[in-house]
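Student: let me see the structure of the following:
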Amino acid sequence: MTFLATISAKNTALLAALLSGVMLAGAFGFQYIGGLAPCHLCLLERWPHGIALALGVLIALRPNRWLYLLGALILAYGTVLAGYHVGVEQGWWTGPTSCTSQGITGLSTKQLMDQIMAAPLVRCDEIAWSMLGISMAGWNGILSLVLTGAWLRAFRLA
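Tutor: Numbering: from 1, shown residues only. Predicted structure coming up:
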């Protein structure tokens, strides 16, 4: 009997949620310690891991088989989103062409231009970091797929 075979559904889901938390911590570390500002897609890719972490807290308090399935669906979405981002990086398809902003009030034209020029430009189609030829979005996709499998395992065991 292998070690993995002895892990319960609840503990599998908690481990998957914890690993999502580790991935979030890594993303924030790259941003705030490493100075790599995230692009729009990078920010979107954080949400599934944050939701998975919150599901882990719920599961710790009150395990529920359907929460395991929800975790799998959310991480599957994260996998697809990361795959989309990889495609944008590789030039297989175009990425988002628009961004959102808040209303502009109380700024002169010069102040607005200074603010725009001071903002870092982070493009979704440029690879800011890679390891072993795989971008950060690629690693996120791979790990999100593994975590999807872990959540599905928890659902199957429950």
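
Student: gap between the helix or strand Leu147 falls within and the chain center?
Tutor: Leu147 is located in helix 136-157, with elements delineated by DSSP states H and E. Put simply, helix 136-157 sits 12 Å off its chain's centre (Cα atoms, centre = their mean, to the nearest Å).

Student: show me the contact partners of that helix.
Tutor: 8-10, 12-13, 15-16, 19-20, 23, 30, 41-42, 45, 48-49, 52, 65, 68-69, 71-72, 75-76, 78-79, 82-83, 85-86, 89, 127-131, 134 (Cβ atoms under 8 Å, 6 or more residues apart in numbering). Just so you know, the C-beta spots here come from the backbone N, C-alpha and C atoms, and that holds for glycine as well.

Student: which parts of this structure are strands?
Tutor: 130-131, 134-135 (DSSP state E).

Student: CSV please, covering those and showing mean pLDDT.
Tutor: Formatted as CSV, these follow (pLDDT from 0 to 100):
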stretch, mean pLDDT
strand 130-131, 85
strand 134-135, 92
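
Student: and of these, who's closest to Leu107?
Tutor: strand 134-135 (35.6 Å; Cβ to Cβ).

Student: re earlier: closest to Asp114 out of the strands of the chain?
Tutor: strand 134-135 (32.1 Å).

Student: ok, and what's touching the closest one?
Tutor: Outside strand 134-135, the residues touching it (Cβ under 8 Å, 6+ apart) are 86, 89, 127-129, 142.

Student: any idea of the mean pLDDT in stretch 47-63?
Tutor: For stretch 47-63, mean pLDDT is 95.
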